[in-house]
Each structure stands twice: as structure tokens, then as C-alpha cells.
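1. sequence first, predicted coordinates after that:
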Amino acid sequence: MPNSRRTPAARLDPRGPLVLDTRTLPRRPGSARTETRTVRAPADLHPGLAGIPEGSDLRLDVTLESVTEGVLATVTAVAPVTGECARCLEPVAQTIEVRCQELFSYEQGAGDADEDGYALDGDLLDLEPVLRDALVLALPLAPLCRQDCPGLCAECGALLARAGSEHGHDSAIDPRWAGLRQRMTHGEQAGQPAPEIREESGRGRP
Ligand SMILES: [Zn+2]
Ligand SMILES: [Zn+2]
């Protein structure tokens, strides 16, 4: 998507799902209007392991408020997020909620007092760039299927959540230690300390 910080030549499409018409908002500081709408999520909201599927429902609560310089838009958006777990690569589905606020200045033609700001296009304002920035920032960088996801086995790639805590690879232990291990395991049961085997099993069983 091109950056939507508008030049006067680029007119907004009033039918755009994220284009709001401020005509019914009196241009008198203090007047405000609130609306709720559900729109389809725009494309390209999937920068990493997690993203918002194109066309999924974005639920918006929008408050438009007249201020001296223009219209202040306050938006709360609730969006579905899908992706893969950063540890086990299983599908992840969750919901994020973001809140953002942006001033859309009246077009005065008096130069760019604030080059980074947004401007009204006539009576219209476009929430998309504002919302896009807020949503992308809110996406989890390392989504997890659950907070304590054990990930994959480093040896065989098995899903540890499914394989269970017993999952391990005895073959990872040097065969020269196998006999000792057996003895030590036996010894442990008899209450004898077994420092070497602790170290070894720590490596063999992540
Ligand atoms: Zn996981
Ligand atoms: Zn394994």
C-alpha cells in the first residue's frame, strides 16, 4: 500500500471501508460523534509469524471529535490474528485489541506545519494508514500456541506437547556410558549420589 499521507491530488474514495465522512460532525470544538463499524481487514497485515487475515472482520469503535485544528479520531479496533507458534509451528489464533488516536488537520493550504500528520480530504478522512500502523505494532513477534509451549524435540522434531514428558532419545547417550548409566540409575534408587549421570541425562533429555 502506498503511504496515504495525502497530497491534494489524491482524493479519497468515500466508499472506502476505512474512509469516514465528517460532514455530520459540526466543526465546532467539542462536538463529537461515535460510531461502531465492522470492516474487512485490508491486505498485507502479515509482516511476520502472525498477522491479520485479509478480509477478516475488524471491529472498530470510532470517536470523531472536533478540535480547533481539525478532527481528532480515536479508534479501538479488535482484530483476529492467525499465525504459527514460534516454538512448535502449530497454528495460533488469537485476538488483539488496539487503541489509537490521530489528528486529521483541516486542509488550510497553509503549508505543512506538521509534515508527518494527516489531513482531512474535504470532509473525508482515511483511517487506514493510522490503523495499519497500530495493528502491525500490536502483532505478536513470537506468537505462542500457549504460554508454556514446550516446542519441538531438538533431536527428532517431534511436537513435545503431544509426545509427552517421557519423550527422549536414549541413543543420544554415548554407548560407553550406557552401562554406567544403568548402574547409576540403580544406585540412585539405592540412595547413592550420582553426579555424572545427572549431567548426562540433562543432555540426553531436554
Ligand atoms: Zn507451540
Ligand atoms: Zn525426539
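-> Okay, I see it. Ligands and ions are numbered 1, 2, ... in the order given.

2. just give me the residue right at the centre of this structure.
-> Centroid-nearest residue in the chain, with CA atoms, centre = their mean: residue 139, separated by 1.2 Å.

3. doesn't residue 82 make contact with that one?
-> No. In this structure, residue 139 is not within contact of residue 82 by CB atoms under 8 Å, at 10.5 Å. All C-beta atoms are positioned from the backbone trio N, CA, C, and that covers glycine.

4. what is in contact with the two at once?
-> Counting by CB atoms under 8 Å, 6 or more residues apart in numbering, the shared contacts of residue 139 and residue 82 are 50, 51, 52.

5. chain neighbours aside, what residue packs nearest to the last one?
-> On the basis of CB to CB, 6 or more residues apart in numbering, the spatially nearest residue to residue 52 that is not a chain neighbour turns out to be residue 45, at 4.1 Å.

6. near ligand 2, which residues of the protein are found?
-> Applying CB under 5 Å from the ion, one finds that the chain approaches ligand 2 through 153, 155, 156, 158.

7. so who does the third one touch?
-> Taking CB under 8 Å, 6+ apart as the criterion, residue 156 is in contact with residue 169.

8. re the thing from before, any idea how many residues pack against the residue nearest to residue 52?
-> Applying other CB atoms under 10 Å, we find 21 residues neighbouring residue 45.

9. could you do the one 5 residues further on as well?
-> Applying other CB under 10 Å, we find 22 other residues in the vicinity of residue 50.

10. so it touches residue 95, yeah?
-> No. Using CB under 8 Å, residue 50 is not in contact with residue 95; the gap is 11.6 Å.

11. what do the two both touch?
-> residue 81.

12. quick revisit: what's the closest non-adjacent residue to the residue nearest to the centre of the chain?
-> Using CB to CB, 6+ apart, the closest residue to residue 139 is residue 50 (5.1 Å).

13. tell me how far residue 93 lies from ligand 1.
-> Note on residue 93: its distance to ligand 1, by CB to the ion, to the nearest Å, is 12 Å.

14. just say helix, strand or coil for that residue.
-> Secondary structure, DSSP: H, G, I helix; E, B strand; the rest coil: residue 93 is strand.

15. the closest residue to it other than its chain neighbours bridge partners, please.
-> Excluding the flanking residues, the one nearest residue 93 by CB to CB, 6+ apart is residue 82, at 5.3 Å. Applying DSSP bridges to residue 82 yields these beta-bridge partners: residue 51, residue 93.

16. how about the helices in the chain?
-> 128-138, 160-163, 175-189, 195-204 (DSSP state H).

17. contacts for stretch 44-55?
-> Here stretch 44-55 has contacts from 1, 40-43, 58, 79-84, 86, 92, 132, 135-136, 139-143, using CB under 8 Å, 6+ apart.

18. please read the previous query as pertaining to stretch 120-133.
-> 1, 3-6, 10-12, 14, 16, 18-23, 42, 45, 58, 60, 62, 64, 70-71, 73, 75, 77, 98, 100, 102, 104-107, 118.

19. how about 7 Å then?
-> Contacts to stretch 120-133, defined as CB atoms under 7 Å, 6 or more residues apart in numbering, come from residues 3-4, 6, 11-12, 14, 16, 18-23, 42, 45, 70-71, 73, 75, 77, 100, 102, 104-107, 118.

20. many thanks, I have nothing further to ask.
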